[in-house]
Every structure is written in structure tokens, then in C-alpha cells.
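Asker: have a look; sequence and predicted model below, questions after that.
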Amino acid sequence: MPGHSKTTDRLTLAAALCAAILAPAAAMAHGDVAPQAVDTSGLPALGNDDWLTENPYRAEAVGEDVWRKAIDVGASGYNQNCARCHGLEAISGGLAPDLRFLEAEEYGDEWFTERFREGYTQNGITKMPAFGELLGQEANWAIRTYVETRPDDGQITDASSELTEIRDDLKAAADGGAADSAAIATRLTEIGSGIETMSGAPVADSIASRAARVLQAKPDAYAEAAEILTVGLSAAH
């Protein structure tokens, strides 16, 4: 399967580089991570008796509201347990495999879930702890949903000039300046609709779309939307 080959090559290369060049740092960074509990309330219960082989929280399976809830829960779980090694916004700095390239399909799901449940040990050194028993299946699939919806940071970079201008306008509005919240949200939505995922998932949860949703829900949430853009632009660079 072409997707299988691409994922295997990329992740194997990243793992090999990590092992060959950064093994001592990787052992420290992964091995001493104490899993942090993830609040999965609001997500469909799955239990831990029979682990699924395909992500049940994709929008086509559960609807957009639950899918977005899974992304929010997954973002929290990822930032607490994974970002230290796999990078902010899942953009790897080379210490660990870049999970954004793991295809949003059953093969990618199986690879992700196996590592999440069992961890990863090489030559007797724990490079990634086992999260499955402690965090559970709901947390696994929520984090998986978050990871597979990460946008192509290259496309974020291409839009960075306009996003920076919008961010600055939002900051000015938060300080009392004038702004058309609806128009800004519309433009952010347009930018977000043109940004693709790295995994092949059909919709990217980009900083543009997230900031747009904040303004659509709370038209005067200028500071919150500006912060989303600030953090995302920093991660993309």
C-alpha cells in the first residue's frame, strides 16, 4: 500500500536519526515522563476491554461537534504528555518522529495506538512510556484526532504575513480599537479552508479556523483569537 510505505519510511528514518544521534537525550526526555491524566468527559465512552483499530472520533463517524470536542481534549492530552518530545503543535524538532505524517487511516491508527498503549523500548531503555493503561482508550483516540488534524505548517508560513496583520488588528481591537469581528472571522475561515493536513485527513484544525470559531462564538474575544494566532505562528516558524 503506497501510504503504508510512505509512513514507514518517514517514521523509520526519524526513529533511526533519533536513536543514532540523540539517543541519550531521547532516553531522558521520554523515559522520565510521568503520564498526566486526560479529562475525556463529553466524549463517547469506549472502555478499555476491546481497543479499536480505527479512530472512532472522526467527524464522519460522530459528527462535527464530537469531533471538535475530541480535538480539544486531544490538544490538552497531547500538550501534557507528548509535546515535550514530539513538539508544539506536533511539529517535531527531530527528537522524536513527526506524527503529523502518520496517515489518517487504519494503518496509521494501528501504529499510533500500539505505541500509545505499549510505549517504546530500545536496548533496555524506555524511550516512550506506555500510556494505554493509565490514560485509557478515549484519551488515545482524542490525541490521535488532534494529531491527524494538524495543518501543513508550510501553508501556515505562506499565509503568515496576512495572519500576522490580522493578529495585530485583533490586538489593537482588544486594546479598544475598532474592528469588524464578523469580517475578520470570515477572512480567517477562508484562509483556514485552504490549509491542508499533513496526514491526509480532510479538514485541518488550523490556527486560522480556530481563531475564526472563537470570534464566531464570542465576537469581542479579540485577545483570545490573537493569542491563538500568536502561538500558532510561533510554532510554524
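Answerer: Received it, and whenever you're ready, just let me know what you need.
Asker: how does the protein divide into domains?
Answerer: Under the assignment automatic domain parsing, the domains of the chain span 2-33+54-148, 153-236.
Asker: which intervals of the protein have sub-threshold pLDDT?
Answerer: For the chain, the stretches flagged by pLDDT under 70 are 1-33, 237.
Asker: point to the residue nearest the middle of it.
Answerer: Central residue of the chain (C-alpha atoms, centre = their mean): Val147, 3.4 Å from the mean position.
Asker: that one and Glu133: what is the separation?
Answerer: Distance, Val147 to Glu133, by C-beta to C-beta, to the nearest Å: 20 Å. Bear in mind the C-beta positions are built from the backbone N, C-alpha and C, glycine included.
Asker: now Ser161
Answerer: Counting by C-beta to C-beta, the gap from Ser161 to Glu133 is 46 Å.
Asker: Pro151 against Ile195, yeah?
Answerer: Yes: using C-beta atoms under 8 Å, Pro151 is in contact with Ile195, at 4.7 Å.
Asker: give me the common contacts of the two.
Answerer: Shared contacts of Pro151 and Ile195 (C-beta atoms under 8 Å, 6 or more residues apart in numbering): 204, 206.
Asker: helix or strand: which one has the residue nearest to the centre of the chain?
Answerer: helix 132-148 (DSSP states H and E).
Asker: cool, and Lys127?
Answerer: strand 125-128.
Asker: that strand packs against which elements?
Answerer: helix 2-31, strand 120-122 (3 or more C-beta pairs under 8 Å, 6 or more residues apart in numbering; DSSP states H and E).
Asker: next structured bit after the first one?
Answerer: Sequence order places helix 59-62 as the next helix or strand after helix 2-31, per DSSP H and E.
Asker: contacts for that next one, please.
Answerer: 44, 55-56, 67, 70, 203.
Asker: quick one: the helix or strand that it is followed by to chain centroid distance?
Answerer: Next along the chain after helix 59-62, taking DSSP H and E as the criterion, comes helix 64-81. When C-alpha coordinates are averaged (C-alpha atoms, centre = their mean, to the nearest Å), helix 64-81 and its chain have centres 8 Å apart.
Asker: and what of stretch 44-56?
Answerer: With C-alpha atoms, centre = their mean, you get 20 Å for stretch 44-56.
Asker: contact partners for Ala225?
Answerer: 170, 184, 188, 211-212, 214-215.
Asker: the residue nearest to it when sequence neighbours are not counted: what's it in contact with?
Answerer: Residue nearest to Ala225 in three dimensions, not counting chain neighbours: Ala211, with 4.2 Å by C-beta to C-beta, 6 or more residues apart in numbering. Residues near Ala211 by C-beta under 8 Å, 6+ apart: 166, 170, 185, 188, 225-226, 228-229.
Asker: in what element of secondary structure is Ala211 found?
Answerer: helix 207-217.
Asker: what's the distance between Ser206 and Asp152?
Answerer: Distance from Ser206 to Asp152, by C-beta to C-beta: 9 Å.
Asker: overlap in contacts of the two?
Answerer: Ile195.
Asker: who's more crowded, the two?
Answerer: Neighbours per residue (other C-beta atoms under 10 Å) separate Ser206 from Asp152, with Ser206 holding more: 30 against 17.
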